[in-house]
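Undergrad: Quick one: sequence plus predicted model below, questions after.
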Amino acid sequence: MNALIVSAKAAAQVRKAIGNSDISYEKTGRFSGSEYLEFIHSVARINIQTFVTDMDCTEAQPFLEGIRQYKSLRSHTQVVVIALDRHEEDGMVHQLADMGIQVITTVPGTKPESIIQALNKLLPNNQSQPGAAPELNDSEVQMERVKDRIYRFTSKLQSSYLENADVMDLEIPELPFQERVIVQDRIIGTITVAVMGVEAKVGSTHLSILISNYLNRKGYSVAIVEANGSQDFNYIESAYEGIRDYTNPTAQFSINGVVYYKSTSKMDMSSLLAAGYDYLILDIGSYTESEWSAEFYRANAQIVIGAGSEWRQPRIKKFRDAHKKSDQSNWFYCIPFVDPISIADIRKELPGNLVYRIPPHADPYKALSETDSTISKLLKNFLGEKKKASTKNALYFIIIGCLLIIIILLALLFVK
């Protein structure tokens, strides 16, 4: 027998996999934390084989607490968690797997139907072998076993956003500061990436330069703004020129094609956006000290950087808790110079948030494949193909050039 506490989005697929006759307890919808914990205790009073629940049926904290309580009461019952539309670095998914929970997760845009075959394989009555990994016969869906107990599905065909969703639960996002659209993988308008530290001296400038140079190597036009009062860009320009105490009265300079706007620049956001760059990187620094902090919340991609030292990790959680009412769906928590054990601890403290480890990278002007891979994951939803000159236009220029040469030769021949 099985028990279900799932959202409306996953309910139909779970019923298809389990069968209505095998369900002894069922709750469907979006619940408050107290309601979810009450349902958990109701399920714990029933002797069942498998408990299936869904991360979208309540908030992150009561969900994790409910799973912990259930495991303490029913340690031998199989628990399967469904996590639809989750990024691969989702800390909550990894935390559940570390607790011994089997997680079926899909990347954003994957058809919810892909979880049916996984459930069929994981349910005790359908397993040919204990712990057998799900096998897929659907050529439109690819399955990846990320690590023990986590099965991630990717659909080659993107499903409709509203398919199998509870329309009443949808939230309408606020309009962005300026519309940025990617159509057929081509960038239209300026994409803003804001880098902000939970405190001072955590490396926001270093990471901003890494991101700027990565995008520049990809062929995009990039500008980086010193959106803080550190005046570090003066020292960067001096080091680049190779002259001690080098002073340049201009408010901007360029290194390897990336334009740097110093903190002394009088340009505001509207002027910077009007300049027409593909990407605008805002090096905001400490969020408590910068006058540009408000721009962080209006950016397309928001990157939060914190220190990985054990005694400084609480400041990351404090920052997250201070912004718990904000939409953090495009927020990426980045931790430089941290070991795998520490990054796992930080992910446990930030359930539901995207947490990335930034590899050691001493010189931000030299490319490293590991760092490029991390930045690519950070910005994968904001990368488009650089617009190239039309071959048709190039052909016109060649024809016009040839005609001009012929006219000049004829004129010279006529003079002679």
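TA: Received, thanks. Numbering: from 1, shown residues only.

Undergrad: And the strands in the stretch 51-200 of the chain, which stretches?
TA: All strands of the stretch 51-200 of the chain, identified by DSSP state E, counting those that start in this stretch, fall at 78-83, 102-106, 141-147, 150-155, 181-183, 186-188, 191-197.

Undergrad: Out of these, which gets the lowest mean score?
TA: Mean pLDDT is lowest for strand 181-183 among the strands of the stretch 51-200 of the chain, at a mean of 40.

Undergrad: Which of the three states applies to Asp283?
TA: On the three-state scheme (DSSP: H, G, I helix; E, B strand; the rest coil), Asp283 is labelled strand.

Undergrad: tally of neighbours for Ala97?
TA: By other Cβ atoms under 10 Å, the residues close to Ala97 number 18. From N, CA and C alone the C-beta is placed, and that goes for glycine too.

Undergrad: right, and it touches Thr105 too?
TA: No - checked against Cβ atoms under 8 Å, the pair Ala97 and Thr105 is beyond contact range at 9.6 Å.

Undergrad: Can you name the residues that contact Ser373?
TA: Listed by Cβ atoms under 8 Å, 6 or more residues apart in numbering, Ser373 has no contact partners.

Undergrad: Confirm that it sits in a strand.
TA: No - counting by three-state DSSP, Ser373 falls outside a strand, being helix.

Undergrad: where exactly do the helices run in this structure?
TA: Using DSSP state H, the helices of the chain run over residues 8-18, 33-44, 60-73, 91-98, 115-122, 204-217, 232-241, 269-274, 293-298, 313-322, 340-349, 369-378, 391-415.

Undergrad: got the CA coordinates for the third one in PDB?
TA: What follows is helix 60-73, C-alpha atoms only, in PDB (Å, rounded to 0.1, in the frame of the first residue of the first chain):
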ATOM      1  CA  ALA A  60      11.000  24.200   2.000                       C
ATOM      2  CA  GLN A  61      11.500  24.300   5.800                       C
ATOM      3  CA  PRO A  62       8.300  22.500   6.800                       C
ATOM      4  CA  PHE A  63       8.800  20.000   4.000                       C
ATOM      5  CA  LEU A  64      12.300  19.000   5.300                       C
ATOM      6  CA  GLU A  65      11.000  18.900   8.900                       C
ATOM      7  CA  GLY A  66       8.200  16.700   7.800                       C
ATOM      8  CA  ILE A  67      10.500  14.300   6.100                       C
ATOM      9  CA  ARG A  68      12.800  14.100   9.100                       C
ATOM     10  CA  GLN A  69       9.900  13.400  11.400                       C
ATOM     11  CA  TYR A  70       8.500  10.700   9.200                       C
ATOM     12  CA  LYS A  71      11.800   9.000   8.900                       C
ATOM     13  CA  SER A  72      12.200   9.000  12.700                       C
ATOM     14  CA  LEU A  73       8.800   7.400  13.100                       C
END
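
Undergrad: Need the residues that contact it.
TA: 32-34, 36-37, 39-41, 43-44, 51, 53, 55, 57-58, 77, 79, 81, 92, 95-96, 99-101, 351-352.

Undergrad: Could you pull out the buried residues of that helix?
TA: For helix 60-73, burial by neighbour count (16 or more other Cβ atoms under 10 Å) applies to 60, 62-64, 66-67, 70-71.

Undergrad: can you check stretch 9-16 too?
TA: Neighbour count says stretch 9-16 has 9-11, 13-15 buried, by 16+ other Cβ under 10 Å.

Undergrad: Name the nearest of those relative to Val222.
TA: Nearest to Val222 out of the buried residues of stretch 9-16 is Lys9 (Cβ to Cβ; 37.9 Å).

Undergrad: ok, now how distant is that closest one from Ile40?
TA: Per Cβ to Cβ, to the nearest Å, Lys9 is found 20 Å from Ile40.

Undergrad: Ile46 now?
TA: 11 Å.

Undergrad: cool, and Thr77?
TA: 12 Å.

Undergrad: the more surrounded of those two?
TA: More neighbours surround Ile40 than the other of Thr77 and Ile40, with 24 against 17 (other Cβ under 10 Å).

Undergrad: Can you tell me the closest non-neighbouring residue to the more buried one?
TA: Gly66 (4.1 Å; Cβ to Cβ, 6 or more residues apart in numbering).

Undergrad: what's the distance between the one you found and Val43?
TA: Applying Cβ to Cβ to Gly66 and Val43 gives a distance of 9 Å.

Undergrad: repeat for Glu241
TA: Distance, Glu241 to Val43, using Cβ to Cβ: 67 Å.

Undergrad: Between those two, which is the more surrounded one?
TA: Val43 (22 against 13).

Undergrad: residues in contact with the more buried one?
TA: 3, 5, 25, 51, 70.

Undergrad: Identify the residue nearest it in space, chain neighbours excluded?
TA: That would be Ala3: by Cβ to Cβ, 6+ apart, it lies 4.5 Å from Val43.

Undergrad: Report pLDDT for the residue lying closest to Ala194 once chain neighbours are set aside.
TA: Of all residues not flanking Ala194 in the chain, Ala299 sits nearest, at 3.7 Å (Cβ to Cβ, 6+ apart). Note on Ala299: pLDDT of 92.

Undergrad: Okay, now the unreliable bits of the chain?
TA: Across the chain, the ranges flagged by pLDDT under 70 are 20-21, 87-89, 124-188, 384-394, 416.

Undergrad: about what we covered before: roughly how far does the residue nearest to Val43 sit from Thr247?
TA: 71 Å.

Undergrad: Of these two, which one has the most company?
TA: Ala3 (26 against 9).

Undergrad: quick one: that one and Asp22 touch, right?
TA: No - assessed by Cβ under 8 Å, Ala3 is found out of contact with Asp22, at 10.1 Å.
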